[in-house]
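J.: sequence first, then the predicted structure:
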Amino acid sequence: MFPDNTGFGMLQRSVNDFWREYGYHHGSTVLRNHPEVFAIESTNYCNLRCVMCPRGEPDIMERDLGNMSDELFQKILGEVKFYSNPCWFHWFGEPLMHPRLFEQIDYARAQGVSSLGISSNATLLTPERSKAILDSGLNTVMFAIDGTSKEVYEKIRISSTFTFEEVCSNVKEFLSRRKQLGRKRPHTILSIIVMEETKSQIEAFKDEWKRYGADEVIAKPYVNWANQDDQFVDLAVTESREELRQSARKFPCGYLWKSVVIAWDGRVLPCCYDYDATLPLGDLKSQTLQEVWNGEKYQRLRKNESGGCNTTALCRNCNQAPGTAINPLWPLPGPVTNLLKRFTSHS
Ligand SMILES: C[S@@+](CC[C@H](N)C(=O)[O-])C[C@H]1O[C@@H](n2cnc3c(N)ncnc32)[C@H](O)[C@@H]1O
Ligand code: SF4
């Protein structure tokens, strides 16, 4: 279920990586590699209305709200190979709002899955929940706090209930409790998204949270949600807006050969930008992940993406997909392929 850090586990990962690259460069539609599960959405209920999030302000997400059931979560754990480390146990919504979050994480730990992580807005991080997180089998926890000042933070992470001071104090208490207990797990990350509003605070944010004992402090690149709605680009750093609006992606989208996202109701999506599940490729309530990964819908999407004619509403304007120049003779190195091409075109 989870390729571990033994030699055999590492070999399994390398073999999976090999077939992923092979499939990508050869434009395969049926793949020999297993998908990495980038995220399993525990819930899409949220208690903030963040301006950069489709589930935020304005709330443009139209799909139903719900929590992942124990039954579905257990089915998923039974059939997924966890190549992603961490596999995020959130997508949209606030994971600490899920009434059975810690029971489900416990279940995962009992099944030997030690790779789950969550990102939380830390508004509900009471001393009890801090203790539960520290005692849980979570591998990683990320606290998303976008700003070092009340003014900036509360403009971005909108709430009529929670204040900047409360959220910071919750996280500081969590970090100090973790230090007192001498725990190394979960790996604790503080994150700030790089936007016009936050860009002047990034360095101060890093210094401050390192001082309070975060293991890692990251400045997250801004996501424009595949340009599905114009409002998102307007929050990016001013100088980057024109490019985010206009440029097309240069290479096929690597996600289609690499990973999946699973919504709280079991639908499988190609990437985390598909906030409204407009491109469902299968449903784990009735199918296995392997059936979905090599099913007809995924095959058609990969074929169109390789052929440059993926016109789905989700992907047509996306310019933040990962990708590299296609080397049709992979695993031969690119320069060798180019040399051979030149040689054969002259002969
Ligand atoms: C949608 S949130 C859900 C989890 C949780 N409610 C939280 O705020 O961390 C998941 C992650 O997406 C990030 N995020 C939201 N909007 C983003 C954007 N436009 N660009 C980059 N990251 C974004 C958040 O910082 C968070 O780490
Ligand atoms: S092209 Fe963009 S929107 Fe489509 S699957 Fe790839 S990352 Fe997602």
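T.: Looks like it came in fine. Ligands and ions are numbered 1, 2, ... in the order given.
J.: so residue 229 touches residue 52, yeah?
T.: No - the pair residue 229 and residue 52 fails to qualify as a contact (Cβ atoms under 8 Å) at a distance of 11.5 Å. (Glycine included, C-beta is placed from N, CA and C.)
J.: between these two, point out the one with more neighbours.
T.: residue 52 (21 against 13; other Cβ atoms under 10 Å).
J.: and the pLDDT for that one?
T.: Note on residue 52: pLDDT of 97.
J.: not counting its neighbours along the chain, what's nearest it?
T.: Spatial nearest neighbour of residue 52, excluding adjacent residues (Cβ to Cβ, 6 or more residues apart in numbering): residue 235 at 5.3 Å.
J.: can you pull out the strands in the stretch 51-200 of the chain?
T.: Per DSSP state E, counting those that start in this stretch, the stretch 51-200 of the chain carries strands over the ranges 87-88, 116-120, 140-144, 157-158, 187-193.
J.: rebuild the ones you listed as TSV, extending it with mean neighbour count and distance to residue 269.
T.: Formatted as TSV, the strands of the stretch 51-200 of the chain follow (neighbours: other Cβ atoms under 10 Å; distance: least, Cβ to Cβ, whole Å):
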stretch	mean neighbour count	distance to residue 269
strand 87-88	22	13
strand 116-120	23	17
strand 140-144	23	21
strand 157-158	20	25
strand 187-193	21	21
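J.: would you list these in a markdown table and tack on distance to residue 276?
T.: Below are the strands of the stretch 51-200 of the chain laid out as a markdown table (distance: least, Cβ to Cβ, whole Å):
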| stretch | distance to residue 276 |
| --- | --- |
| strand 87-88 | 19 |
| strand 116-120 | 20 |
| strand 140-144 | 21 |
| strand 157-158 | 21 |
| strand 187-193 | 21 |
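J.: can you list those in CSV and add mean pLDDT and distance to residue 39?
T.: Shown next, in CSV, are the strands of the stretch 51-200 of the chain (pLDDT from 0 to 100; distance: least, Cβ to Cβ, whole Å):
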stretch, mean pLDDT, distance to residue 39
strand 87-88, 95, 4
strand 116-120, 97, 9
strand 140-144, 98, 12
strand 157-158, 98, 20
strand 187-193, 98, 15
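J.: what's the average pLDDT for stretch 104-114?
T.: Stretch 104-114 comes out at a mean pLDDT of 93.
J.: ok, the residue nearest to residue 52 - contacts?
T.: 51-52, 195-197, 222 (Cβ atoms under 8 Å, 6 or more residues apart in numbering).
J.: buried members of those into PyMOL, please.
T.: To isolate the buried members of these in PyMOL, using 16 or more other Cβ atoms under 10 Å:
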select buried, resi 51+52+195+197+222
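J.: who touches stretch 247-257?
T.: With Cβ under 8 Å, 6+ apart, stretch 247-257 has contacts from 20, 23-24, 27-28, 31, 33, 270-271, 298, 301-302, 305-306, 310, 315, 318-326.
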